[in-house]
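Chemist: coords below, sequence missing:
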């Protein structure tokens, strides 16, 4: 008997023994069998590192060895399964990483996470993707990611204008926008806009479609086609003024054009819409079906000799550690999801499983870089890089296991792999390793690239210092799950110098109202740098970060928060008469978005219903006593009838 199960798996059971077969995207995984009445033995917990002890440094793990084993790590300690993507960047847009005080020019395709802040200066715009959601920032907007994990997406807007498009939201998922006047909980898929004036005493919340619950001591619902003005001095009691949503302006039209591009994306036929940046693939390559791997995508606007993970830089982004940031405008989805393969004389990207009718798959899990590492003290000499050690890497191929350098549970290493490629034999997750594995891309000419370790740890571009490692040079070189080098401060900022564009001091110091409790502030990088080096260049786990946080001050100019007065009331997700379907109506004053074609996008929810026609403008009749009296003509009388 086959029954649906959580997280997109199907469970097959038998009568006499309990045999569980995990199936995802039509691929049978490992079978766990035990007799009736027996308790299954849980898999051994695997950690990618040892926690830093309270006194003394953690042991340094040599490159090429399995992860240091320490305290068992459960799923609650896993890194988040998603990160935000800094997509479109126009004009002067700056980034302040959570662990650094400086503002730097914001690089496109940079993964963002809890504690990161963005500022769009005059004339600037930015786009931040979180799964199928997108946050678009207009000019002079201060934006902070307060919390981002598997279930919570909590952001702050303390000044400026932001548009939000939400395609779907789970029952256990929370999407919250915090402003100086109220915490805004998004209850349903739809289109939203939030404006905060420069003085910080007024917020305007516009709902084009969907529903929001504003909380500031009381819950105030905002329905489709409404705008609510929330006014209050910092810390004061707010006043709510409900009105009709205003007509679209230039920024709204810009956002609708961007939404239309996503709605009509051909790549959505092959890529889950939970993967940020899928629509950027349309104009940069072509899709084709292959007998070995199914649909694959080949980039077309790349130079001769191009290979994955060659044009970009390495950045240190906690909690994942070394993270690839690609220079190509489309270079996000293919470097954090799926696998690469050299086929037909060109590199092709193989995406992970896509939801199909009758088949449910796990939500794609983000990875910092899907590569295997090579290196060591003698590696630089062997490939002709002088002046110290070198670090090399190559892309993982289809069906090859990604082994993180950070701590992980058995559940995590399974999800991060099966959501990004097809894994037939899942017993490889029990004792995952990178040794004694025949990697398909290791022997491909141009696949393996190496740089001096100084280039990597400072966050400098790879292309200027890269050496392509010929296949014959790889003889005897051991593969590792970690780069084996510790970052410097330059890696956190991606090798970029500080920028003069930053929010005004009063905007940075402005507090906002929060409904979900914010997490602890990030640990300043200078207070964790030595511990990372002692851990062999591997990211620190939660236990180590908690120990450091207890004794080290956070970075300066951190946001301040004011909890909702009276506690955190539960979010009301029930429908009210004001928000009956259609669930995401379109503002009748603006041109509606193009309707998506379900035939070419099988993994997308049903298209939006057509909005009702606008009422006909008929003049109101005057009062009855003012209406002009008309005399009906008398009927003609026949002469014969007249004589009678």
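Modeler: Yep, it's here. Everything quoted here is computed from the prediction, not taken from an experiment. Numbering: from 1, shown residues only.
Chemist: Please report the distance of the residue nearest to residue 98 when sequence neighbours are not counted from residue 416.
Modeler: Spatial nearest neighbour of residue 98, excluding adjacent residues (Cβ to Cβ, 6 or more residues apart in numbering): residue 115 at 2.4 Å. (Glycine included, C-beta is placed from N, CA and C.) Using Cβ to Cβ, to the nearest Å, residue 115 is found at 22 Å from residue 416.
Chemist: Residue 320 too?
Modeler: Residue 320 is 11 Å from residue 416, where distance means Cβ to Cβ.
Chemist: Run a quick neighbour tally on the residue nearest to residue 98.
Modeler: 26 (other Cβ atoms under 10 Å).
Chemist: Give me the three-state assignment for it.
Modeler: Secondary structure, DSSP: H, G, I helix; E, B strand; the rest coil: residue 115 is coil.
Chemist: what residues are up against it?
Modeler: By Cβ atoms under 8 Å, 6 or more residues apart in numbering, residue 115 lies in contact with 97, 98, 99, 144, 145, 521, 522.
Chemist: nearest to residue 511, of these?
Modeler: Set against residue 511, the nearest of the contacts of residue 115 by Cβ to Cβ is residue 144 (11.7 Å).
Chemist: So that closest one is in contact with residue 154, correct?
Modeler: No. Taking contacts as Cβ atoms under 8 Å, residue 144 lies outside contact range of residue 154: 9.4 Å.
Chemist: in what helix or strand does residue 414 lie?
Modeler: helix 410-418 (DSSP states H and E).
Chemist: Run me through the strand neighbours of the next helix or strand after that helix, direction for each.
Modeler: Sequence order places strand 449-452 as the next helix or strand after helix 410-418, per DSSP H and E. Strand 449-452 pairs in its sheet with strand 390-395 (antiparallel), strand 467-468 (antiparallel), by DSSP bridges.
Chemist: Averaged pLDDT, the very next helix or strand once past the shortest one. What do you get?
Modeler: Once strand 467-468 ends, the next helix or strand along the chain (criterion: DSSP H and E) is strand 479-480. Per-residue pLDDT over strand 479-480 has a mean of 88.
Chemist: Distance from strand 479-480 to the middle of the chain?
Modeler: Distance, stretch centre to chain centre, for strand 479-480: 28 Å (Cα atoms, centre = their mean, to the nearest Å).
Chemist: Mind giving me the packing neighbours of it?
Modeler: strand 371-376 (3 or more Cβ pairs under 8 Å, 6 or more residues apart in numbering; DSSP states H and E).
Chemist: per-residue confidence averaged over the strand it packs on?
Modeler: Per-region confidence: strand 371-376 scores 85 on mean pLDDT.
Chemist: which helices and strands sit right next to that strand?
Modeler: Looks like strand 371-376 contacts strand 390-395, strand 479-480 (3+ Cβ pairs under 8 Å, 6+ apart).
Chemist: what sits up against stretch 298-309?
Modeler: Stretch 298-309 is contacted by residues 284-286, 288, 324, 326, 328, 330, 334-335, 340, 346-349, 369, 371, 393-395, 446-447, 449, 462 when judged by Cβ under 8 Å, 6+ apart.
Chemist: picking up where we left off before, enumerate the positions of the helix holding residue 414 that are buried.
Modeler: Using 16 or more other Cβ atoms under 10 Å as the test for burial, helix 410-418 gives 410, 412, 413, 414, 415, 416, 417, 418.
Chemist: The first one and residue 392, how far apart?
Modeler: Same thing as residue 410. According to Cβ to Cβ, residue 410 and residue 392 sit 29 Å apart.
Chemist: for the fourth one, same thing?
Modeler: Computed with Cβ to Cβ, the distance linking residue 414 and residue 392 is 28 Å.
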